[in-house]
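In: Below are the sequence and a predicted model for it; my questions follow.
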Amino acid sequence: MIEHLAIVMDGNGRWAESRNLNRREGHIRGAEAVLKTIIASNMRGIKYLTLYAFSTENFKRSSSEVSSILEIISSYLLLRILPLATENHYKIVFLGDLSLLPQDVAQVCTHIQNETAQNTSMHVCIAIGYGGRSEVVCAINSYIATLEEENKFEPISYEKLASLLYTSNLPDPDLVIRYGGHKRLSNFMPLQTVYSDFIFTDKLWPDFVESDLDEFLSEFAEIQKNYGGAIKN
């Protein structure tokens with residue numbers, strides 16, 4: 001049984017361009033796919049769903065596209081996802097450095113996280129302003145600052161490092177699905193995914209349909225995991 005599913009959502013812009021549409025239309029369709037994914041995941045008993053929505057590298061895009069993407073994310077969070085979470089008791093958690101976002105977008109994220117903090121159903125984790133390398137660096141710097149404050153030195157353990165990551169209260173992903181045709185993680189959870197299984201699909205994110213999830217979960221169910229030990233027959 002899968003507990004934590006993570007999805008790297010990719011291909012919104014390419015989806016639009018292949019149809020001679022403005023890239024913004026692709027991002028809107030991608031946001032609609034998010035809603036479908038949340039509902040479908042909850043129906044299949046997934047306890048934790050993480051969606052890689054906007055990376056630190058995405059800020060390198062044109063300022064107009066960055067503004068458009070973040071405006072769409074903010075609007076859908078407030079007008080579509082928050083009501084859905086309230087009705088179904090989803091807990092919305094944001095992973096990333098919200099200080100990188102425009103103030104109004106960061107305020108929406110904080111508001112939604114606070115509004116759903118006491119919900120006890122599925123955790124929907126949205127990685128926004130997220131970069132795996134910077135997450136690790138921030139965690140280590142936080143640990144160093146604590147040692148300096150206490151005037152001591154102690155080697156850091158992985159358990160301590162994990163407690164300082166954005167994902168400190170989450171189990172590691174069982175399965176990571178990447179849409180968009182690329183077979184890489186693109187700076188997504190480099191430490192948390194060391195024992196995750198991966199499925200890469202050429203489908204672009206706006207083309208997500210509910211049956212995709214059934215296909216991927218079935219594929220995952222056939223995988224035998226031994227975490228470095230021998231598989232028992």
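Out: Arrived safely, thanks for sending.
In: can you give me the helices in the chain?
Out: Here the chain has its helices, by DSSP state H, at 12-17, 23-43, 63-76, 82-88, 103-115, 132-150, 158-163, 210-221.
In: Name the surrounding residues that touch stretch 83-96.
Out: Contacts to stretch 83-96, defined as CB atoms under 8 Å, 6 or more residues apart in numbering, come from residues 35, 38-39, 42, 50, 54, 56, 77, 81-82, 109, 112-113, 115-117, 119-131, 166-167, 169-170. The way it works is simple: take the backbone N, C-alpha and C, and place the C-beta from them, glycine included.
In: And that stretch, what's buried?
Out: 85, 90-96 (16 or more other CB atoms under 10 Å).
In: Between those, which sits nearest Ser62?
Out: Ranked by distance to Ser62 (CB to CB), the buried residues of stretch 83-96 are led by Gly96 at 20.7 Å.
In: quick one: pLDDT of the closest one?
Out: We note a pLDDT of 98 for Gly96 in this prediction.
In: repeat for the one 10 residues further on
Out: According to the prediction, Ala106 has pLDDT 98.
In: swap in the one 3 residues further on?
Out: In this model, Cys109 is scored at 98, pLDDT.
In: any idea how far it lies from Lys183?
Out: In this structure, Cys109 and Lys183 are separated by 30 Å, where distance is defined by CB to CB, to the nearest Å.
In: what about the two, which has more around it?
Out: Between Cys109 and Lys183, counting by other CB atoms under 10 Å, Cys109 is the more crowded of the two (22 against 8).
In: I figured the more buried one was touching Leu77, is that so?
Out: Yes - with contacts counted by CB atoms under 8 Å, Cys109 reaches Leu77, the gap being 7.0 Å.
In: overlap in contacts of these two?
Out: Ile126.
In: Tell me the bridge partners for Leu95.
Out: Residues found in beta-bridge contact with Leu95 (criterion: DSSP bridges) are Ala127.
In: Please report the distance of it from Thr110.
Out: Distance, Leu95 to Thr110, using CB to CB: 13 Å.
In: do Phe153 as well
Out: Applying CB to CB to Phe153 and Thr110 gives a distance of 35 Å.
In: Then Asn20?
Out: Separation of Asn20 from Thr110 (CB to CB): 38 Å.
In: tally of neighbours for Ala221?
Out: Burial measure for Ala221: 9 neighbouring residues, criterion other CB under 10 Å.
In: Test for you: state the pLDDT assigned to it.
Out: With respect to pLDDT, Ala221 has a value of 92.
In: any idea how far it lies from Ile177?
Out: 14 Å.
In: Likewise for Lys47?
Out: Lys47 sits at a distance of 16 Å from Ile177 (criterion: CB to CB).
In: The two: which is more packed in?
Out: Ile177 (24 against 16).
In: isn't the more buried one right next to Ala6, touching?
Out: Yes - distance between Ile177 and Ala6: 7.3 Å, which falls inside the contact criterion (CB under 8 Å).
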